[in-house]
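>>> task: produce atomic coordinates for the following.
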Amino acid sequence: MTPVEVTAESVPAETPNAAGRRNPTQPATAAGRLDLRLVRHASDLAQLARPRQWAKTVLAVPLALLDTPAWTVGALARTGWAVLLFTLASSLVYVVNDIADRDLDRRHPVKRTRPVASGRISVATAVGFAGVLAGLLGLAFAVGPALPGWPLAAYLVLNVAYSRWLKHIPLVDISVVATGFGLRVVLGYAATGATVSVWLLTTVFTACLVLILGKRRRELAAQGTGYRPALRGYTLNLADHLISVNATLTVAAFLMYLHTDAPIGAHRQAIVLAAVPLTLLAISRYLQAVLVHHGGADPVRTLLRDRLIVGSAALLAAAVGAGLLAASLPTS
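Purely as a prediction, here's the structure:
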């Protein structure tokens, strides 16, 4: 019997199995590898937009509904559109920041895995993606309900300045970030047509400072000042004092809001009394998470995954919601 010489040409590229399908042990086709690369590329672009951070906008903008006399379909629709506008604006800012910070991020133990810092997304591609987001933001603003553009413009200008200079100035850096959340609430007020409450805006601003300072404190304790130059202007002792001051102001401003501006009618005193222990419990629990359990690196994660904070917030929302509902009912 003459032996048969086996060559590369004599072996078929694919050998279908009995069902007519390609053997899964054989190498993937070029088209399959291309599809996988496209999926990974799309995933990296989505990561640039930071979808996990969209909760910040979803929580901040609708706060203005607390002061809205009537929750009409129009007011809710405009509020939803305001959320969309600030979601696009914040995603645009995140992409620009990742481009600007790519060299610093490469030296960070966690941030170095970000798409631009790691090289999975090129700077040119990131710039193009930022352009797409800017175009979508402009289109959404143009075709949506009539809303003032200055909160969005102020937010974008402030964050460009933050990326270039302000993030390196201690204390100014945290104030700029907190101001961005105040602008979200202002656009929410514009969407609902309600009168702006200075006490509610103060609550949002100081509460954001508590969260930002908790994050800065964690970075300072875990990584030092090498990855964020502005941290050279902080110490753990200063961060602790500032967190305490702003936590106190947050509780005081929120209780003043309930006592004066919130449209909760005749049940105001009862709601304020219920709010005192719940507000103190929530803020104290967050301080415990930061100062005792060394948390706070991801404020949104800390807030939304802590059962005691979520439970306190839910009970507080129920109390305030009951007051709003009672105040909206016609009196006999």
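>>> list of residues touching the helix-or-strand element of the chain with minimal mean pLDDT?
The weakest-scoring helix or strand in the chain, judged by mean pLDDT, DSSP states H and E, is helix 30-48 (a mean of 77). Residues from elsewhere that reach helix 30-48, judged by C-beta atoms under 8 Å, 6 or more residues apart in numbering: 28, 91, 94-95, 98, 114-116, 120-121, 125-126, 129. In this view, the C-beta of every residue, glycine as well, is placed from N, C-alpha and C.
>>> among the residues you listed, name the ones in helices.
91, 94-95, 98, 115-116, 125-126, 129 (DSSP state H).
>>> how about low-confidence regions in this protein?
Counting by pLDDT under 70, the chain has low-confidence residues at 1-28, 30-34, 226, 330-332.
>>> go again with 80.
Applying pLDDT under 80 to the chain picks out residues 1-39, 41, 69-70, 108, 223-227, 328-332.
>>> so who does the spatially most central residue of it touch?
Nearest to the mean C-alpha position of the chain, by C-alpha atoms, centre = their mean, lies residue 53 at 2.7 Å. Contact partners of residue 53, counting by C-beta under 8 Å, 6+ apart, are 90, 94, 300.
>>> in PyMOL, select just the buried ones from the contacts of helix 30-48.
Filtering those down to the buried ones (16 or more other C-beta atoms under 10 Å) takes a single PyMOL command:
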select buried, resi 91+94+95+98+114+115+116+120+121+125+126+129
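>>> how about the contacts of helix 30-48 in TSV, adding distance to residue 234?
Compiled in TSV, the contacts of helix 30-48 are given as follows (distance: C-beta to C-beta, whole Å):
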residue	distance to residue 234
28	50
91	28
94	23
95	27
98	23
114	23
115	29
116	26
120	32
121	31
125	35
126	30
129	33
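>>> which ones are touching residue 73?
Residues near residue 73 by C-beta under 8 Å, 6+ apart: none.
>>> look up how far residue 89 lies from residue 299.
From residue 299 across to residue 89, the span is 20 Å (C-beta to C-beta, to the nearest Å).
>>> all helices for the stretch 51-200 of the chain, in order.
With DSSP state H, counting those that start in this stretch, the ranges of helices along the stretch 51-200 of the chain come out as 54-60, 73-100, 102-105, 115-118, 123-143, 150-164, 172-192, 198-223.
>>> nearest to residue 271, of those?
helix 198-223 (14.5 Å; C-beta to C-beta).
>>> what residues sit buried inside that closest one?
So for helix 198-223, counting by 16+ other C-beta under 10 Å, buried means 199-220, 223.
>>> quick one, it and helix 172-192 angle?
Per axes from the mean of the first three to the mean of the last three C-alpha atoms, to 10 degrees, the angle that helix 198-223 makes with helix 172-192 is 140 degrees.
>>> which elements pack onto helix 198-223?
helix 172-192, helix 236-256, helix 268-291, helix 299-305 (3 or more C-beta pairs under 8 Å, 6 or more residues apart in numbering; DSSP states H and E).
>>> cutoff 7 Å now
Packing contacts for helix 198-223, counted by 3 or more C-beta pairs under 7 Å, 6 or more residues apart in numbering; DSSP states H and E, involve helix 172-192, helix 236-256, helix 299-305.
>>> out of those helices, deepest packed?
helix 172-192 (a mean of 22; mean count of other C-beta atoms under 10 Å).
>>> got the angle for that helix vs helix 73-100?
Angle, helix 172-192 to helix 73-100, by the same axes, to 10 degrees: 160 degrees.
>>> how far does helix 172-192 sit from its chain's centre?
Distance, stretch centre to chain centre, for helix 172-192: 13 Å (C-alpha atoms, centre = their mean, to the nearest Å).
>>> can you list contacts of it?
57, 60-65, 68, 75, 78-79, 81-82, 86, 147-148, 151-152, 154-155, 158-159, 162, 166-167, 196, 201, 204-205, 208-209, 212-213, 216, 230 (C-beta atoms under 7 Å, 6 or more residues apart in numbering).
>>> who's in contact with residue 193?
Contacts for residue 193 (C-beta under 7 Å, 6+ apart) come out as residue 75.
>>> that one and residue 64, how far apart?
For residue 193, the distance to residue 64 equals 9 Å [C-beta to C-beta].
>>> and what of residue 327?
Applying C-beta to C-beta, the value for residue 327 to residue 64 is 17 Å.
>>> cool, and residue 168?
According to C-beta to C-beta, residue 168 and residue 64 sit 33 Å apart.
>>> so for the two, which sits in the more crowded spot?
The residue with more neighbours, out of residue 168 and residue 64, is residue 64; 27 against 14, by other C-beta atoms under 10 Å.
>>> state the distance from the residue nearest to the more buried one when sequence neighbours are not counted to residue 303.
Residue nearest to residue 64 in three dimensions, not counting chain neighbours: residue 188, with 3.4 Å by C-beta to C-beta, 6 or more residues apart in numbering. Per C-beta to C-beta, residue 188 is found 19 Å from residue 303.
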